[in-house]
Structure formats: C-alpha cells, structure tokens
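S.K.: Have a look at this prediction, sequence included:
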Amino acid sequence: MIAELQCTVLDCPDPAALARFYAAVLGGDVDRPDRRWATGDGWATVHTPCGQVLAFQRVDDYRPPRRPDPARPQQFHLDFAVPDLEEAGVQVLALGATLLDAEGAERGWSVYADPAGHPFCLVRH
C-alpha cells in the first residue's frame, strides 16, 4: 500500500453551497475543523457519518459535466494521504502515473495523473 484515500474532491462554482447540498443528502458536518484542510471561499468539506470526506473546490468558469458527452466529462479528483511525499511520488510514477504539478510539493502536495489521465493529489500526511 502506497497511500490512504483522504477525500474525494469535486470541482464546482460554489463550494459552500455544494457542501450544504451533500451534507443534506448524506448527513455530516460542513467545514468541520480538520488539520488537513483550510476552508474558505474556494474550498469546503463535508465529513460524512461513515467517515468519508467530500471536498468541494471552486473552479472559475465552471462548466458542469454532461454525461455521456466526452467534451464535458465528469470532474473530480482523489486526494491520497502519504507519509513521505517524495517516496510516494516515485512509487506512483513507477506504476504509470504522470507528474502534473510538482510545485505543490512545497505546500505539502503534488498533482499527478493516473494512466487514463484522471488527476489525483498526493498529500503529505
């Protein structure tokens, strides 16, 4: 095992509103204090009763997906908590991932794409 699933992140135009929607659907706490994330205008979270965390990230000029239109695909990414960001990066690259953004490593995370191009983040645990 390389990582632990930390949360699922959905792109959206209004993170707080979408967090309230999912909290109403699933139950849970919106923006519960959590050392892993800072909430604000561009980010919101829902801690569900089952322990899963959903996060919502503001995207300017957001265009909602239109399933099954490949020109407007579904939009989300996974965050994986790792104890050693550099070592986990080496391991996922060996499995076929592609590094998309290494600058985040200074902030505590790096962005990769899986072999099919879906983005995911490795986040220092």
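M.R.: Noted; the coordinates are in hand.
S.K.: how far does stretch 118-125 sit from the chain's center?
M.R.: 7 Å (C-alpha atoms, centre = their mean, to the nearest Å).
S.K.: Buried residues in that stretch, which are they?
M.R.: By neighbour count with 16 or more other C-beta atoms under 10 Å, stretch 118-125 contains the buried residues 119-124. All C-beta spots, glycine's among them, are computed from the backbone N, C-alpha and C.
S.K.: Stretch 16-36 too?
M.R.: 16, 18-20, 22-23, 28, 30-31.
S.K.: Strands along this protein, start to end?
M.R.: In the chain, strands defined by DSSP state E lie at 4-12, 29-30, 43-47, 53-58, 76-82, 98-101, 109-113, 119-124, listed in chain order.
S.K.: any chance of these in JSON lines, plus distance to Pro70 and mean pLDDT?
M.R.: Converted to JSON lines, the strands of the chain look like this (distance: least, C-beta to C-beta, whole Å; pLDDT from 0 to 100):
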{"stretch": "strand 4-12", "distance to Pro70": "17", "mean pLDDT": "93"}
{"stretch": "strand 29-30", "distance to Pro70": "33", "mean pLDDT": "96"}
{"stretch": "strand 43-47", "distance to Pro70": "28", "mean pLDDT": "96"}
{"stretch": "strand 53-58", "distance to Pro70": "22", "mean pLDDT": "94"}
{"stretch": "strand 76-82", "distance to Pro70": "16", "mean pLDDT": "90"}
{"stretch": "strand 98-101", "distance to Pro70": "20", "mean pLDDT": "92"}
{"stretch": "strand 109-113", "distance to Pro70": "17", "mean pLDDT": "92"}
{"stretch": "strand 119-124", "distance to Pro70": "17", "mean pLDDT": "91"}
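S.K.: closest one to Arg66 among those strands?
M.R.: Minimum separation from Arg66 across the strands of the chain (C-beta to C-beta) falls at strand 4-12, 14.2 Å.
S.K.: which ones are touching the closest residue to Val123 other than its chain neighbours?
M.R.: Nearest non-adjacent residue to Val123, counting by C-beta to C-beta, 6 or more residues apart in numbering: Trp109, 4.4 Å away. By C-beta atoms under 8 Å, 6 or more residues apart in numbering, the contact set of Trp109 is 79, 85, 121-124.
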